[in-house]
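[1] Generate coordinates for the sequence data below:
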Amino acid sequence: MSDKLNDEAIVTALSTLPQWQKQLLDGVAALQKDFRFNDFAGAMAFAQKVATLADEHDHHPQLTITYGHVEVLWWSHDVNGVSERDVRLAELCEALV
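    Below you'll find the predicted structure:
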C-alpha cells in the first residue's frame, strides 16, 4: 500500500505526465488522460495493453472506451485518492503508445 499524495505532490507528478490532469470522482482525486487513436480498433488495442499492465501490477484503472478514445483514470481505493503507484502506472501507460 502506498501513501495518499497531497495536492502539491499531485501537481508535481502531473508536471512530468504530458496531458494528464487531476480529476475529482465524487470528491476523490484521480489522474486522468484521454488517449486518442485513429479508429475503434486502435482504441481497443491500447485498452487491452492497459488491462495487461493493470493485471501485472494488480492495480486496475477505470477505462472508458469510445471510437478513437480511451479515457484512463488511476486512483487508489485503499487511500481514497492518488498514490505513488497511480503515478507510476500513469507513466507506464505513456510507454504503451
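[2] contacts, neighbours, all on C-alpha from now
    OK.
[3] A helix includes Lys49, no?
    Yes: assessed by DSSP: H, G, I helix; E, B strand; the rest coil, Lys49 belongs to a helix.
[4] Pull the contacting residues for Val72.
    Leu31, Gln32, Lys33, Asp34, Phe35, Pro61, Gln62, Leu63, Thr64 (C-alpha atoms under 8 Å, 6 or more residues apart in numbering).
[5] so where's this structure shaky on pLDDT?
    1 (pLDDT under 70).
[6] swap the cut-off to 50 and go again
    Of all residues in the chain, none has pLDDT under 50.
[7] hey, where'd the strands end up in it?
    21-25, 28-36, 62-66, 69-74 (DSSP state E).
[8] on that earlier part again, by neighbours, which of the contacts of Val72 wins?
    Leu31 (25 neighbours; other C-alpha atoms under 10 Å).
[9] Roughly how far does that one sit from Val82?
    Per C-alpha to C-alpha, to the nearest Å, Leu31 is found 7 Å from Val82.
[10] list the residues that contact both of those two?
    Common contacts of Leu31 and Val82 (C-alpha under 8 Å, 6+ apart): Trp74, Trp75.
[11] What residues does Asp39 make contact with?
    Tyr67, Gly68.
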